[in-house]
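S.K.: Kindly generate the corresponding structure for this input.
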Amino acid sequence: MSFSNIFEVAGSGMAAQQLRLSTTASNMANANSASGSEEEAYRARHPIFSAVQRQFENGHFRKGDNNAANGGVEVIGVVESDAPLEARYEPNHPHANEAGYVYYPNVNVVEEMTNMIAASRSFQMNVEVMNSAKQMVTRALSLGQ
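M.R.: Residues are numbered from 1 along each chain as shown. Next up is the predicted model:
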């Protein structure tokens, strides 16, 4: 594996964790938003990732176009949670429906905090991989001096 591939893999991991942090922040920001109907209520969003691997053919790695074919992580999409919304009886709330219910998002703040910590640690580990690879490249270049 060449050094450029290491940077590509770590970079794709950093981009994936940045998206994970963004969706987590969005979920937490909307955790207490109220709505008058189930259709309008905010639903927690979660990114779906997939590992990308290079294909090995005829004794060597196949050269593809320069997108995600070198390995790493790709984002398949962002899905909304299927967990039920929280319906509260609050007839005096401005968003209450005719029956007096207000719908709150299906965001679990504890789970979101855990996701935020895990995503930031994963991002940090990818930064460390890039720093280590950069140091190895620098040392390899200084060998010829």
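
S.K.: All the strands of the protein, in order from the start?
M.R.: 45-52, 56-57, 60-61, 72-80, 86-89, 101-104 (DSSP state E).

S.K.: how close does residue 96 sit to residue 20?
M.R.: Residue 96 sits 34 Å away from residue 20, going by Cβ to Cβ, to the nearest Å. Backbone N, C-alpha and C define where each C-beta goes, glycine included.

S.K.: neighbour count winner among these two?
M.R.: Ranked by neighbour count (other Cβ atoms under 10 Å), residue 96 and residue 20 place residue 20 first, with 22 against 17.

S.K.: what residues are up against that one?
M.R.: Residue 20 makes contacts with 47, 115, 119, 122, as judged by Cβ atoms under 8 Å, 6 or more residues apart in numbering.

S.K.: Provide a list of residues in contact with residue 50.
M.R.: 73, 74, 75, 76.

S.K.: Adding distance to residue 9 and neighbour count, write the residues you listed out as JSON lines.
M.R.: Putting the contacts of residue 50 into JSON lines (distance: Cβ to Cβ, whole Å; neighbours: other Cβ atoms under 10 Å) gives the following:
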{"residue": "73", "distance to residue 9": "8", "neighbour count": "22"}
{"residue": "74", "distance to residue 9": "11", "neighbour count": "14"}
{"residue": "75", "distance to residue 9": "15", "neighbour count": "15"}
{"residue": "76", "distance to residue 9": "17", "neighbour count": "10"}
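
S.K.: Farthest pair within the residues you listed?
M.R.: Taking Cβ to Cβ, the two most distant members of the contacts of residue 50 are 73 and 76; they sit 10.0 Å apart.
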